[in-house]
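Colleague: when you get a sec, could you give me coordinates for this:
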Amino acid sequence: MSKQYTPEEIQKAHEVLYNEGIKMRYQVAGKEYVDKSLAAASDPFRKPMQEYVAEACWGWTWARPGLELKTRSFLNIAMLCAQNRGTELATHVKGALNNGATAEEIREVILQAATYCGMPAGIEGFRVAGRAVEEWEAGQGRKV
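Modeller: Just a heads-up that it's a prediction; the model follows:
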């Protein structure tokens, strides 16, 4: 039989995942983006979604061993390109650059995705990623 956890133990587990998730999210997406996202969703309706994202995506999946952060970024770029999720794609392109990826590597990931997901997805992916790379470069004060 499995152990029954107290509400306090469950809350502590959520806190650990949330805190680790926020730490990872800051590392990948950057403080400005994360702070803005958290502030925009601080109301009682949207806050649980931000907590879920921090715990599940960032505190559990992104923090796992087995793949480098850059590889995780490439996977997300390909999947978000395929799903035509421009806002999140831009965030993860910048995150990939923060994780040490080059613009050339990101370009190749999107070309690969376009081959299997379709040209419209690839073309839109290039539009979004191109802007994201330019914004990231401007924020860094340099060219990639």
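Colleague: contacts and neighbour counts: CA atoms only from here.
Modeller: Noted.
Colleague: what's the domain layout of this protein?
Modeller: Listed domain ranges for the chain are 1-64, 67-144 (source: automatic domain parsing).
Colleague: adding mean neighbour count and mean pLDDT, write the ones you listed out as TSV.
Modeller: Listed next are the domains of the chain as TSV, based on neighbours: other CA atoms under 10 Å; pLDDT from 0 to 100:
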stretch	mean neighbour count	mean pLDDT
domain 1-64	15	96
domain 67-144	18	96
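Colleague: give me the residues contacting the helix or strand containing residue 70.
Modeller: Assigned by DSSP states H and E, residue 70 belongs to helix 69-82. Residues outside helix 69-82 that contact it (CA atoms under 8 Å, 6 or more residues apart in numbering) are 62, 86, 88-89, 92-93, 95-96, 99-101, 106, 109-110, 112-114, 117-118, 121-122, 124-125.
Colleague: same thing but at 6 Å, please
Modeller: Outside helix 69-82, the residues that touch it by CA atoms under 6 Å, 6 or more residues apart in numbering are 89, 96, 99, 113, 117, 121, 125.
Colleague: what's the helix or strand for the last one?
Modeller: Think residue 125. Residue 125 is part of helix 119-140, with elements assigned from DSSP H and E.
Colleague: now do that helix against helix 69-82, angle only.
Modeller: Interaxial angle of helix 119-140 relative to helix 69-82 (axes from the mean of the first three to the mean of the last three CA atoms, to 10 degrees): 130 degrees.
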